[in-house]
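Enquirer: Would you be able to build a 3D model of this:
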Amino acid sequence: DGRVSWDEFSDFVLAEAMQSHRIEKEEVSVFNPVEYDNQFNDPGAFHKDLITAVVNVGAKNQYVSSSRDGSIRIWGSTTQNHIHTIRISDKPTQTWITGITIADGYKSAQHPLGVLVSVASDRVMRLYDMKNFALLGAVMLPDDVSPLCCSGFDRKDVLRRSKLTTAEYFIMVGDTDGKILVYEQNEAFLSHKRERQALPGLENPLREKTAAVMTVTAHCDHVTQIGYVKGIDRIVSSSLDGKVCVLDPVTLDCNYFYGHSKPVLCTCYVSTYSYFASSGQEREILLWSPYTQKRITSLVGHQAAVK
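Expert: From the prediction side, this is the model:
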């Protein structure tokens, strides 16, 4: 409704303060009293703006982070040392990286560690080889799509037959209009046929705009997280509209959990007990059933938004 509550305002102020790179060493020591060995991590190795996503690469004992500064950075999970930086743009203020995911379904002799997929504010989806971080290809998303998050799943994970069985791997994108778009990808997608133009500063071609195999308007505001849950064969997304959508990829029916009164920032499926946990600006975590979309209980105690 356009109004900003005190909780939302304080969450914003805290988030902006935490992402600031001008914090002095004395201030950092208050939050991190343990002295880590950062001899390989000079100040230039860290992100210069808000971190938008972090994913784990278990096969390499690494994790990957993306940021509004226009870079993707790879870190050692055990050493905490910076390993490599991928720059999307030489001008960080022009391109924000809004989402990343590891496409394990692309594992092959050519890409034994899978492929890293990123989406950015310039509406380009980029694919990188996780072995050497080389750019494999890029696809221009439609003009009316402003991607905010992405995720993927393998064809063999789809339990029922649907239109999502035509390719080897699928990448899902959530945008600013509340749409969920699913793109089919396979090994041919990584080839450099149908060249149209080159990305600035890169030799790899920018592919023509590719139509999504499935587009569903699941929300009426920004999609904050999206993922496929194999255990229940559903695509689950959260949004700033305060709802969590459970989408059937076969019938395209949407069921919603309405337990939140404020924007939902993240959700997670607990397969052991078959329930969801979701949280956001309310500063509490809600547990609910994916079958009835009814609340089970809530966990309170946080002093800021939970993401």
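Enquirer: Confirm that Ala59 sits in a helix.
Expert: Yes - read with DSSP: H, G, I helix; E, B strand; the rest coil, Ala59 is one of the residues of a helix.
Enquirer: Count the neighbours of the nearest residue to Ala218 once chain neighbours are set aside for me.
Expert: The shortest distance from Ala218 to any residue other than its chain neighbours is 4.2 Å, reached at Cys245 (C-beta to C-beta, 6 or more residues apart in numbering). Every C-beta, even on glycine, is put in place using the N, C-alpha and C of the backbone. The local packing count at Cys245 equals 25, with neighbours defined by other C-beta atoms under 10 Å.
Enquirer: Check Asp129 too.
Expert: Here the neighbour count serves as a burial measure; for Asp129 (other C-beta under 10 Å) it reads 18.
Enquirer: That one reaches Val117, doesn't it?
Expert: No - with contact defined as C-beta atoms under 8 Å, Asp129 does not count as touching Val117 (11.4 Å).
Enquirer: just to revisit the earlier point, what's downstream of the helix or strand that contains the residue nearest to Ala218, the next helix or strand?
Expert: According to DSSP states H and E, Cys245 maps onto strand 244-247. Moving toward the C-terminus from strand 244-247, the next helix or strand (DSSP H and E) is strand 254-257.
Enquirer: What residues sit buried inside that following strand?
Expert: Residues of strand 254-257 classed as buried under the neighbour-count rule (16 or more other C-beta atoms under 10 Å) are 254, 256-257.
Enquirer: Adjacent strands (with direction) for that strand?
Expert: Strands adjacent to strand 254-257 in the sheet, as given by DSSP bridges, are strand 244-247 (antiparallel).
Enquirer: picking that back up, which residues are in contact with each of Asp129 and Val117?
Expert: Common neighbours of Asp129 and Val117, counting by C-beta atoms under 8 Å, 6 or more residues apart in numbering, are absent.
Enquirer: Count residues in the vicinity of His302, would you?
Expert: His302 has 12 neighbouring residues, counting by other C-beta under 10 Å.
Enquirer: actually Val250, sorry about that
Expert: Residues within reach of Val250, counting by other C-beta under 10 Å, total 15.
Enquirer: any idea how far it lies from Ile235?
Expert: Val250 sits at a distance of 11 Å from Ile235 (criterion: C-beta to C-beta, to the nearest Å).
Enquirer: for Ala109, same thing?
Expert: Applying C-beta to C-beta, the value for Ala109 to Ile235 is 30 Å.
Enquirer: more crowded one of those two?
Expert: When neighbours are counted by other C-beta under 10 Å, Ala109 and Ile235 differ, and Ile235 comes out ahead with 26 against 5.
Enquirer: residues in contact with the more buried one?
Expert: Ile235 is in contact with 172, 180, 182, 226-229, 246-247, 249, counting by C-beta under 8 Å, 6+ apart.
Enquirer: mind redoing it with 7 Å?
Expert: Under the criterion of C-beta atoms under 7 Å, 6 or more residues apart in numbering, the contact partners of Ile235 comprise 172, 180, 226, 228, 247, 249.
Enquirer: excluding its backbone neighbours, what's nearest it?
Expert: With C-beta to C-beta, 6+ apart as the criterion, Ile235 has its nearest non-adjacent residue at 4.3 Å, and that residue is Leu247.
Enquirer: Stretch 133-148: how far from the chain's middle?
Expert: 13 Å (C-alpha atoms, centre = their mean, to the nearest Å).
Enquirer: try stretch 59-67
Expert: Averaged C-alpha coordinates place stretch 59-67 at 13 Å from its chain's average position (C-alpha atoms, centre = their mean).
Enquirer: returning to that earlier point: can you list the buried residues of strand 254-257 in JSON lines and add pLDDT?
Expert: As requested, these are exported to JSON lines (pLDDT from 0 to 100):
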{"residue": "Cys254", "pLDDT": "93"}
{"residue": "Tyr256", "pLDDT": "95"}
{"residue": "Phe257", "pLDDT": "94"}
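Enquirer: with the residues you listed in mind, which one is nearest to Ile83?
Expert: Closest approach to Ile83 among these (C-beta to C-beta): Phe257, at 38.5 Å.
Enquirer: wait, isn't the closest one in contact with Lys294?
Expert: No - the criterion here is C-beta atoms under 7 Å, and Phe257 misses it with Lys294 at 8.1 Å.
Enquirer: shared neighbours, the two?
Expert: The contact sets of Phe257 and Lys294 overlap at Trp288 (C-beta under 7 Å, 6+ apart).
Enquirer: As a check, name the ranges of all helices in this protein.
Expert: Listed in chain order, the helices found in the chain under DSSP state H are 6-19, 25-31.
Enquirer: mean pLDDT for these: which is lowest?
Expert: For those, the weakest mean pLDDT is recorded on helix 25-31, namely a mean of 45.
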